[in-house]
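*Asks:* Next input, structure requested:
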Amino acid sequence: MSIQEGDRVAVEYVGRFEDGSVFGTSKYAVAAERGLDEAQDRDADDYGPLAFTVGDGDVIDGLDEAVRGMTVGESATVTVPPESAYGEVRSERIREYDRETFEGMVGEAPEVGLHVHAQNGLHGDVVAVREETVEVDFNHELAGQTLVFDVEVVDRRPSGSD
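*Replies:* Residues are numbered from 1 along each chain as shown. Take a look at the predicted model:
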């Protein structure tokens, strides 16, 4: 039977950018081959199928939509545009702070690439450090990107079967 809204599914996936570079995967062998396990400080126990309930908003819309109608054992390659993934880059999510204020909030000197956690729950990356100011981008790191997923449905539990 095919997957529909409310079903609990598990998928193996490899997520790539349009240029073919891998940004994420559920498969340890792929992560190790691409150096993602070390870059993300993860080991083999941190990998495995991605489980979610279709229609609950647990994953990006493009992936949620892609699995609908698939069956266990079925594989597909899905291209997800930004509007069905993490959205477009929004300029209002790039904020500038006085350097002294930034250091007081973060507790360390600004450096391009520094990942920060704001008190409001947002996560961002320092993208520019100037003499007086620091620029932080609070867009999701995959915002503005078209994503390509190779997915395989490995399990399905129909809605209401829990």
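*Asks:* how far away is the residue sitting nearest the centre point of the chain from Gly160?
*Replies:* In the chain, the centroid-proximal residue (Cα atoms, centre = their mean) is Leu142; its distance is 6.5 Å. Using Cβ to Cβ, to the nearest Å, Leu142 is found at 33 Å from Gly160. The way it works is simple: take the backbone N, C-alpha and C, and place the C-beta from them, glycine included.
*Asks:* Dump the worst-scoring helix or strand of the chain on mean pLDDT to CSV, keeping only the CA atoms.
*Replies:* None of the helices or strands of the chain scores lower by mean pLDDT, DSSP states H and E than helix 36-39, at a mean of 80. Extracted C-alpha coordinates of helix 36-39, given in CSV (Å, rounded to 0.1, in the frame of the first residue of the first chain):
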residue,chain,number,x,y,z
LEU,A,36,30.9,14.4,6.9
ASP,A,37,31.2,12.2,10.0
GLU,A,38,34.3,14.1,11.1
ALA,A,39,33.0,17.5,10.0
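*Asks:* Buried ones in the next helix-or-strand element following it, by neighbour count?
*Replies:* Moving toward the C-terminus from helix 36-39, the next helix or strand (DSSP states H and E) is strand 50-53. Neighbour counts over strand 50-53 (16 or more other Cβ atoms under 10 Å) mark 50, 52-53 as buried.
*Asks:* I'd like the residues you listed laid out as TSV, including pLDDT and distance to Ala32.
*Replies:* Listed next are the buried residues of strand 50-53 as TSV, based on pLDDT from 0 to 100; distance: Cβ to Cβ, whole Å:
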residue	pLDDT	distance to Ala32
Leu50	97	18
Phe52	98	24
Thr53	97	29
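*Asks:* which residues in this structure form strands?
*Replies:* 8-17, 22-25, 50-53, 75-80, 94-98, 115-117, 123-129, 133-137, 147-157 (DSSP state E).
*Asks:* And those strands: which comes nearest Met1?
*Replies:* Closest approach to Met1 among the strands of the chain is made by strand 147-157 (7.8 Å; Cβ to Cβ).
*Asks:* Brilliant, that's me finished.
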